[in-house]
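# predicted model and sequence follow; I will ask about them next.
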Amino acid sequence: MWKISLFFTLVLLVWSFGINAQIFSPNADYKIGAIYVTDTTKLDTIFIFNNPDGNGKEVLGSLTVISADTATSWDFVWSKYNPISNMFDSILFESSTDFSTIDSLEEGGYQVRISNGIDVDTIFRAWVFINHVSNLIDIVRIKNYICYNLTLEGILKPDTLIYYDLIDFSEITFVNGVSLNWTSEPPSFIPYPYNLQTKITFPPVVDTKYYLTVTDSSGYKKIDSVFFVTSEVKAEFEIAIKDEIEEFKITDNPEGQAPLEVKFINTSENGVEFQWFYGDSTVEGFEEPEFTFNVSDEPEYTYLIPNTYYITLIAKSADRCEDIFPDPNSPDEIRRVKVYYSKLEVPNIFTPNDDDRNDIFKVEGVSLKNFHGVILNRWGRKVFEWSDPEKGWDGKIHGDNLAAPGVYFYVITGRGWDNEAYKFQGSIYLVREKKFN
């Protein structure tokens, strides 16, 4: 098979008249010291070269030994460790004044014997490891997914280095350690991002790409991903009530007098079916929800009876996952509408002198279903009558004619939406005081 070789150089510096040497490789991605069971004093080095391609290309090494004494002729004998015979087999011999290079090295142990035929005869060893990082991540997948629960899983195949103790010839394994991290786009909560398998409760309601980043002990980083198509749904809504000008306004405190007209603004995500429970037990069949089928639908409801009502929305996705809002287990999420209990109070001050203070004999009414008021003069004749509690008597009769000062009598009745009955009878004294500027 045709191979493309990528060459890396291991350089061994040898000092004349000594056995000291330094082994290094500027092209190595990583290096570690070989640990031998029988002799922990040995200082052989393992040089690691990453092969990121994984497409049939083969990374091969090149070792070079350099002499510090260029005036002396040196003999270099290269050999490779044979794990079957437990011997080093010679592969190259050459003489030179300063260096020797051996090319196209596969994984394994190598030694070079250096001598000058006089007083230097020494051996240096190194191990070459080709780290096939293209296989670092084997699979990134969605292991399991049902509504509310998503399990992500990564399966790794870090390369393993085998080298040998050169005294008892036992096999030594160096496992390529890894660290990992899960992330996502768009960003979302991942409970255990440093585990190969992580379970996500309540996955995102939008399609999300999950990334697994793995870094091995050589510092090589590999990223793989899996795309998550969500079936989740998030239920949520806001509440609007009609204001004084008959327009709906969103409010965090939806309350008012009966009848209270309410609109529900659906802010759910990824829903196709919505069930609204208005919590109005005063209506027959209130347990049955109102259905809407588009997030843009804004159902309206009128609360008639004074009380506090708790609203619930159940949203469902196309795959029938569902979500409930507010969460029954989260008191902070409660959504309620408060309708005031009825009240009817009669004023005790009436001074119709156009000073903008107490110019109208007007009741204070809240949540009234029925109302009737009548003003009588001292002979029992009706001088004013009204049925809207928001209005009242301005001290005039027959249109714009001012009523004469004196005693008048009122009879006021009403009934609240909570069925509370009211009746008031009494007298008022009409005084026309001068208006002071």
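Cool, the structure landed.
# in the stretch 151-300 of the chain, which spans are strands?
Assigned by DSSP state E, counting those that start in this stretch, the stretch 151-300 of the chain shows strands spanning 160-164, 171-175, 178-185, 197-201, 208-216, 221-228, 237-242, 248-250, 255-257, 260-266, 273-277, 290-292, 300-303.
# how about the spatially most central residue of the chain, nearest residue that isn't a chain neighbour?
Centroid-nearest residue in the chain: Ser188, 2.6 Å away (criterion: C-alpha atoms, centre = their mean). Counting by C-beta to C-beta, 6 or more residues apart in numbering, Ser188 lies nearest to Pro204, which is 4.6 Å off, once chain neighbours are set aside. C-betas here are computed from N, CA, C, even on glycine.
# returning to what we had before: okay if I get the strands of the stretch 151-300 of the chain as CSV plus mean pLDDT and mean neighbour count?
Converted to CSV, the strands of the stretch 151-300 of the chain look like this (pLDDT from 0 to 100; neighbours: other C-beta atoms under 10 Å):
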stretch, mean pLDDT, mean neighbour count
strand 160-164, 90, 17
strand 171-175, 88, 12
strand 178-185, 96, 15
strand 197-201, 96, 16
strand 208-216, 97, 19
strand 221-228, 96, 15
strand 237-242, 96, 18
strand 248-250, 96, 13
strand 255-257, 96, 17
strand 260-266, 97, 19
strand 273-277, 97, 19
strand 290-292, 97, 15
strand 300-303, 96, 17
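# what about those, which gets the closest to Asp388?
The closest of the strands of the stretch 151-300 of the chain to Asp388 is strand 255-257. By C-beta to C-beta, the value is 13.9 Å.
# pipe the strands of the stretch 151-300 of the chain into TSV and attach distance to Asp332 per row.
Shown next, in TSV, are those (distance: least, C-beta to C-beta, whole Å):
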stretch	distance to Asp332
strand 160-164	52
strand 171-175	49
strand 178-185	27
strand 197-201	19
strand 208-216	26
strand 221-228	29
strand 237-242	15
strand 248-250	19
strand 255-257	18
strand 260-266	19
strand 273-277	19
strand 290-292	25
strand 300-303	23
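# closest to Phe325 out of those?
So among those, strand 237-242 is nearest, using C-beta to C-beta, at 6.7 Å.
# may I have the phi/psi pair for the closest residue to Gly33 other than its chain neighbours?
Nearest residue to Gly33 in three dimensions, chain neighbours excluded: Thr45, at 6.2 Å (C-beta to C-beta, 6+ apart). Main-chain torsions, Thr45, degrees, to the nearest 10: phi -110, psi 140.
# the residue in the chain sticking out farthest from the centre and Gln425, how far apart?
Here the chain reaches farthest from its C-alpha mean at Trp379, the gap being 77.6 Å by C-alpha atoms, centre = their mean. Separation of Trp379 from Gln425 (C-beta to C-beta, to the nearest Å): 17 Å.
# secondary structure element for Ile77, which one?
Actually, residue 77 is Val. It isn't Ile. Element membership of Val77 [criterion: DSSP states H and E] is strand 74-82.
# and after that strand, which helix or strand comes next?
Assigned by DSSP H and E, the successor of strand 74-82 is strand 87-96.
# that following strand: partners in the sheet, and parallel or antiparallel?
strand 74-82 (antiparallel) (DSSP bridges).
# how distant is the partner strand from the center of its chain?
Distance of strand 74-82 from the chain centroid (C-alpha atoms, centre = their mean, to the nearest Å) equals 59 Å.
# mind listing what's buried along it?
Neighbour-count burial for strand 74-82, counted by 16 or more other C-beta atoms under 10 Å, picks out Trp74, Asp75, Phe76, Val77, Trp78, Ser79, Lys80, Tyr81.
# got a list of what the second one touches?
I take that to be Asp75. Phe93, Glu94, Ser95, Arg113, Ile114, Ser115, Asn116, Gly117 (C-beta atoms under 8 Å, 6 or more residues apart in numbering).
# from Leu150, how far out is the residue nearest to Ser188?
When Pro204 is compared with Leu150 (using C-beta to C-beta), they lie 9 Å apart.
# what of Pro352?
Taking C-beta to C-beta, one finds Pro352 at 72 Å from Leu150.
# more neighbours, the two?
Remark: of Pro352 and Leu150, Leu150 carries more neighbours, 24 against 19, as counted by other C-beta atoms under 10 Å.
# chain center to the strand or helix carrying the more buried one: distance?
Leu150 is part of strand 149-156 when elements are defined by DSSP H and E. Centroid displacement of strand 149-156 relative to its chain, using C-alpha atoms, centre = their mean, is 17 Å.
# what's the angle between that strand and strand 197-201?
Calculated by axes from the mean of the first three to the mean of the last three C-alpha atoms, to 10 degrees, strand 149-156 forms an angle of 170 degrees with strand 197-201.
# just to revisit the earlier point, what do Pro204 and Leu150 both touch?
What both Pro204 and Leu150 touch, as defined by C-beta under 8 Å, 6+ apart, is the set Phe228.
# tell me the contacts of the closest residue to Val206 other than its chain neighbours?
Nearest residue to Val206 in three dimensions, chain neighbours excluded: Thr230, at 6.2 Å (C-beta to C-beta, 6+ apart). When contacts are counted by C-beta under 8 Å, 6+ apart, Thr230 is found next to Pro203, Pro204, Val205, Val206, Asp207, Thr208, Asn270.
# next, give me the two most distant ones among the residues you listed.
It's Thr208 and Asn270 that sit farthest apart of the contacts of Thr230, by C-beta to C-beta, at 12.0 Å.
# quick revisit: wait, the residue nearest to Gly33 touches Ala28, no?
No. With contacts defined as C-beta atoms under 8 Å, Thr45 does not count as touching Ala28, sitting 9.1 Å away.
# quick one, domains of the chain?
5-131, 134-228, 237-340, 343-430 (automatic domain parsing).
# contact partners for the closest residue to Thr251 other than its chain neighbours?
Once flanking residues are discounted, Thr251 sits nearest to Ile241: 6.1 Å by C-beta to C-beta, 6+ apart. Residues in contact with Ile241 (C-beta under 8 Å, 6+ apart) are Phe248, Lys249, Thr251, Pro254, Glu255, Gly256, Leu260, Glu261, Val262, Lys263, Val337.
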